[in-house]
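**Student:** Here is my input, please return the structure:
(chains A and B)
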Amino acid sequence: MRIKHYIWPILLALGCRQNTDIVLPKEAPILVVNSVLSSDSFITVRLSYTQGITENVPVVFESGAMVTIYDQDTQLIENLANAGNGWYKGAIKALPSKKYLAKIAINSSVYWAFDSVPTQPDINITDTSRIFFQGKPGFFSIEAALSDKQISTNYYGMKMRYFYEYYTLDANGQPDDTIDKNEWIDIETVDPILTESDFSKFSKKHLLWSDKYFNNTTAILRVGSSVIIRNNRQKPHYLVVYTEHYTAGSFQYYTTLNEHIFYQNDPFSQPTIVNGNIPNAFGSFVGRSVKVDTIHFQQ
Amino acid sequence: MLRLTVFTCCLMLFIGMPKLMAQNNVLNKKISIKVNKQTIPEILKEIEKKAGVTFNYNLRIIPGGKFNFKAEDEELSVVLVLLLQPHKLNFSVLFGNNIIITKQETKIKKYTISGFVYDEKTGEKLINANVYNLYSLKGTTTNQDGFYSLTLDEDSVNIAYSYVGYQIVANAFYLNANFIYNVNLKPNLILPSFTVTSKPNNGTQFKPDEYRLNTNTLKQFPVLFGETDIIKCLQLLPGVNAGNDGTTGINIRGGGPDQNLILLDDVPVYNPSHIYGFFSIFNSDVVKDVTLYKGGLSSRYGGRLSSVIDVRTIDGNTKKINYLVSVGILSSKLMINGPISRNKKTTMVVSGRRSYFDLLNSITKTTLFSNQYSPIYSGYYFYDFNGKINHRFNANHQISLSLYSGLDNSFIKNSFKIKDPQKVVKEKDNQTLFWGNKLGSIRYNHVITPKLFGWFLASYSRYNFGNESDYSYTEQNDSQNIENVYNYKFLSVIRDWNLMYNVEYKPLNWLNVKMGSGFVFHEFSREVSTFSNSIVKSIPSTKESVQSIEFNAYTDLYLRIHRKVNLTLGMLYAQYNLQGVQYLRPQPRINLNYKLNKHFLIHGAYSNSYQFLHLLTSSNAGLPIDLWLPSTNKIKPEYSNITSIGVGYTNKHIVLNVEGFNKNMGNLIDYKDLSNYIGKDNNWEDKVTVGKGWAYGIETLIEKKNGKTTGWISYTYSWNFRQFNEINNGKAFPYKYDRRHNLSIVAHHRITNTIDVAATWVYTSGANTTLPTQVYYAGSGLSPDNIIYVFGERNAFKFPDYHKLDFGVNFKRIRTKYERVWSIGAYNVYNRYNTFYVTPAYDNSGNRVLRMVSLFPILPNVNYKINF
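**Tutor:** Residues are numbered from 1 along each chain as shown, chains lettered A, B, ... in the order given. You can find the predicted model right below:
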């Protein structure tokens, strides 16, 4: 329940807005680490710094850091190379089920982070889409058979990216040119496994759930979208479904991230914190695996 | 001893002297006398010589010993009072110059005058009317049921009855027996006074921590959207903080909104707000009397830490059936009020009010959030209903049944339908957010003896809030039928069943005893139910219910220990049980007033209170997402210790009060930094943290009570802090309702007997808020969708100062058969943009800024009310 959706009509009707000058104290920038470990991908880390809320300047990146990756027994795996613009890239691919330790040294400050790479989700997606005529309401749906093969708690996520052509019109209203576009779309579901998740309520674009209701079994999930085709100048190509398997650390990071974004401009909520896994710094060094399925629309 | 001396002097002066004067003027003769170490007979002899009189007395009644005595040019009567009174001796002129000296009667007979004070026009009982003896200036006030009991010595008395806005009635007679005297007071023809302090016209003491608004004063306040709101009126008093713009939040002396015990005819109200807190649930036309107690609380009131707001509704007109129709911009009201039996012993009040945002919306076909495929219709309404049946068996027995029901409902509806040869598609999506109170009570009052009044109450209070979502999608085509249904319901309910019995006993004029006992049965329940026809694995609905029992017993002793000193001693004993957890909490309270002279009063109070219910709130606006939760083994009862001391000054026209207070609170709860709204999760104890709070400050009130222009100025200078181990890194932070300055000016001017104007101006320091101080990007792609705010210290920033002016004019026409009032006014007259909240946003150039959102610009209003 998001209260501002209900109170908005009153605020919109009566409210007045103006920008205000609240003097905020200048605070020292804090390191931000962005790194996602994925199986069969090179380890990369991007380092930047926080900036003041009204400080409208480009992001400041860290270019003088030493980033070293160890395994769980602190055996050196590799030193990441400085690729500029805050990027530090490795040359060894991360492996599923393996644990990694990162040491980020900047001058005399040292930051540590630790997480593992989960296995790829075992999911089989079936297209059950029903495409209506262009310009009319459409509802696209898939059935996803997700096998949960471990007794321990597993964490999953899903996102969908929609690729389509878009016709522009000339001055006479005739088709002029086509542009390829893509965007993350809202995922709709009435499946209780997803709707009952305390985590999915924070983002329709990024569903997150645990195996609470289907531990060590297979769940058939029905998801879709009703707003894929919005006008007759749009020609759908395909949909890419990203099904994710998270570690506990990465799941916590993304759930708190979604919750934070969900509430961040809601005046009726308390501020929420994004739970990273790096002491004294923001961001995360977390692992996840993604299975990608492409659904082509029938013409 | 001193008290008795003064009493005897008065007795002699009022009783003895006139009799003596009637016989001759021998006692008027002035003499001077000075003796050292002489017996009483020796001193009397000396007086005989100087005054030319003869004393007759029995030596056995004359005390032994030698005394010094001096009187300089005093009348004989005074000399004799000074000499004889300390020895409990009386004197009287027997005949000629013969004066007899007798021993004073040790037992003076006392009699009690009791009864009810009524409004002559409507038959309503008047609460807090003054009843006092004009001769001795001893007096009392009527209680919440309009009953008074005044015990006086046998003597000539002149009992005056007065009430704000009514003509005084005085009745002189010789009191030599117990009297039951019911009085009807006639309303003033001119507009009634506009007053808020409890200082009566005469006789009884000034109560600095008690403020009263009666129906006449309420009618003269400026209104918002055509509604006079009693909570908004109370917000103009010292020590009372409004919270946010336009809201009915009420925060007293550093407390939260949950720390106020709000009673509607003695039944607790858990959420007194309509429209997310912009209106209160109290229909001002039904309200007879509102009292705010913010210090020196009676022990009768338990279960809250800060204050008591006691709202009394009218009993019903005993003279004739009366109709009231009121039409405002956003809502309208209808009230029927009058006798329903031939003997007029049974009366009823029925009143309803409903807003019409949703009706206007449906007429104008306004839609929000809609697109071409699925029009979305959103709306909002509230209603409330008050009902009361009152039956007077006789002057001593009365029973009343009260009901209240109110609901706020906000909804969004979305539907579409497609029908073509190939298929039929239907989709419906309804979402509602609702909250409301239901109250009911049966109250039986009886006068047991002229000195003893008792009342029994059985009540029920229910507050619920929830949201529902009903979704259905059906598609029928040649090959298949698809039906997807999804229902979701979340409901949180708190129910109270209450039984209590109270008595008021006035055995002596200087002693008033109030005591009572009762049970409260609380039930907290939360229900989450989900239904879907496409469930992979069954998900059970969850329904959690927790019951607790509270037992209360209290005694208050109101002692007039000296003509200048009033002392109230109270003790409330509360026992709370929840699933094997038991808390026993005695709560002592003391209140002391010392009258320096006719005008000045020094007062002090201490109260210790426990609260077994916690309100978990995540907003400033008093929204219904606030959850009431019970004390448990882990979350202990909240407590407070409030100390206050002050000086009051009163005269016929002015009341001035300056008071300092200090308040400490413990076991307060709040969300942890990481947590937010508790919905389906039942592990609420893990989401909250326990801490403490403290507040202190000075409150000032100056009120002008008489004349064409009346009103008051209140100012509070205070500090208010909270500290939790798991919030703000354990550092203390200012509470969100911390306001350093809080100033209210309220003025009312009577232009003619039918036209009056009122204005209020409010100035407070800006509210505290938590703002993000830094930002960063989550994800290496630096997507603007993934900007993360880093919040600074809790409540470290202040909004700009808040101020606004409200103004209203009432045009009244009074005829024999009807009375109508046009009210015209404006809220926020000079259109001040007061901050409702601040949020990060982007300006037209794409730069990140902090954006201030204000709620109410200038809002003119017109209201028409007719009473016939």
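
**Student:** so how far is chain B from residue A:85?
**Tutor:** Separation of residue A:85 from chain B (C-beta to the nearest C-beta, to the nearest Å): 10 Å. Every C-beta, even on glycine, is put in place using the N, C-alpha and C of the backbone.

**Student:** In terms of pLDDT, where does that residue sit?
**Tutor:** The model reports residue A:85 with a pLDDT of 88.

**Student:** Leaving out the residues flanking it, which one is nearest to residue B:460?
**Tutor:** Leaving out its chain neighbours, the residue that sits closest to residue B:460 by C-beta to C-beta, 6 or more residues apart in numbering or on different chains is residue B:440, at 4.7 Å.

**Student:** now the one you found: how far from chain A?
**Tutor:** 29 Å.

**Student:** Equivalent analysis for residue B:330, please.
**Tutor:** Distance from residue B:330 to chain A, by C-beta to the nearest C-beta: 11 Å.

**Student:** Ok, residue B:668 next?
**Tutor:** Distance, residue B:668 to chain A, by C-beta to the nearest C-beta: 15 Å.

**Student:** Next: residue B:817.
**Tutor:** From residue B:817 to chain A the distance is 39 Å (C-beta to the nearest C-beta).

**Student:** and that residue, how many neighbours does it have?
**Tutor:** The tally of other residues near residue B:817 (other C-beta atoms under 10 Å in any protein chain shown) stands at 5.

**Student:** what sits against residue A:162?
**Tutor:** A:182-185, A:225, A:228, A:236, A:239 (C-beta atoms under 8 Å, 6 or more residues apart in numbering or on different chains).

**Student:** cutoff 10 Å now
**Tutor:** Residues in contact with residue A:162 (C-beta atoms under 10 Å, 6 or more residues apart in numbering or on different chains) are A:140, A:181-185, A:225, A:227-229, A:234, A:236-240, A:295, A:297.

**Student:** next one: residue A:111
**Tutor:** Going by C-beta under 10 Å, 6+ apart, the list of residues near residue A:111 reads A:31, A:33, A:47, A:65, A:67, A:102-105, A:278-281, A:283, A:285.

**Student:** List just the nearest of the residues you listed to residue A:55.
**Tutor:** residue A:31 (16.5 Å; C-beta to C-beta).

**Student:** which non-adjacent residue is nearest the closest one?
**Tutor:** The shortest distance from residue A:31 to any non-neighbouring residue, by C-beta to C-beta, 6+ apart, is to residue A:281 (4.2 Å).

**Student:** Tell me where the stretch 101-250 of chain B is predicted with low confidence.
**Tutor:** Low-confidence segments of the stretch 101-250 of chain B, defined by pLDDT under 70, span residues B:105-107, B:189-206, B:222-226, B:244-248.

**Student:** hey, where'd the helices end up in it?
**Tutor:** If DSSP state H, counting those that start in this stretch is used as the criterion, the helices of the stretch 101-250 of chain B fall at B:215-218, B:230-234.

**Student:** anything in the longest one sitting right up against chain A?
**Tutor:** No. With C-beta under 10 Å from any C-beta of the partner chain as the criterion, chain A is not reached by helix B:230-234; the gap is at least 16.5 Å.

**Student:** Give me the buried positions along that helix.
**Tutor:** Residues of helix B:230-234 classed as buried: B:230-234 (neighbour count, 16 or more other C-beta atoms under 10 Å in any protein chain shown).

**Student:** Need those residues in TSV (columns: distance to residue B:29).
**Tutor:** Listed next are the buried residues of helix B:230-234 as TSV, based on distance: C-beta to C-beta, whole Å:
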residue	distance to residue B:29
B:230	63
B:231	66
B:232	67
B:233	61
B:234	61
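
**Student:** between these, which is closest to chain A?
**Tutor:** For the buried residues of helix B:230-234, the minimum distance to chain A (C-beta to the nearest C-beta) is 16.5 Å, reached by residue B:232.

**Student:** from memory that closest one sits against residue B:242, does it?
**Tutor:** Yes. Counting by C-beta atoms under 10 Å, residue B:242 is a contact partner of residue B:232 at 7.6 Å.

**Student:** Tell me, how many residues neighbour residue 258?
**Tutor:** As the question left the chain open, I've gone with chain A. Residue A:258: 23 neighbours (other C-beta under 10 Å).

**Student:** could you do chain B instead?
**Tutor:** Neighbour count of residue B:258, defined by other C-beta under 10 Å: 24.

**Student:** got a list of what residue 143 touches?
**Tutor:** The chain I'm using is chain A. A:124-128, A:191, A:220-224.

**Student:** The chain in question should be chain B.
**Tutor:** B:116, B:125, B:127-129, B:149, B:445, B:453, B:455, B:504, B:512, B:514.

**Student:** What of residue B:664?
**Tutor:** B:254, B:639-643, B:692-696.

**Student:** what about the closest residue to residue B:397 other than its chain neighbours, which SS state?
**Tutor:** Leaving aside its sequence neighbours, residue B:397 sits nearest to residue B:446 (C-beta to C-beta, 6+ apart; 4.9 Å). Here residue B:446 is strand, with the state taken from DSSP: H, G, I helix; E, B strand; the rest coil.
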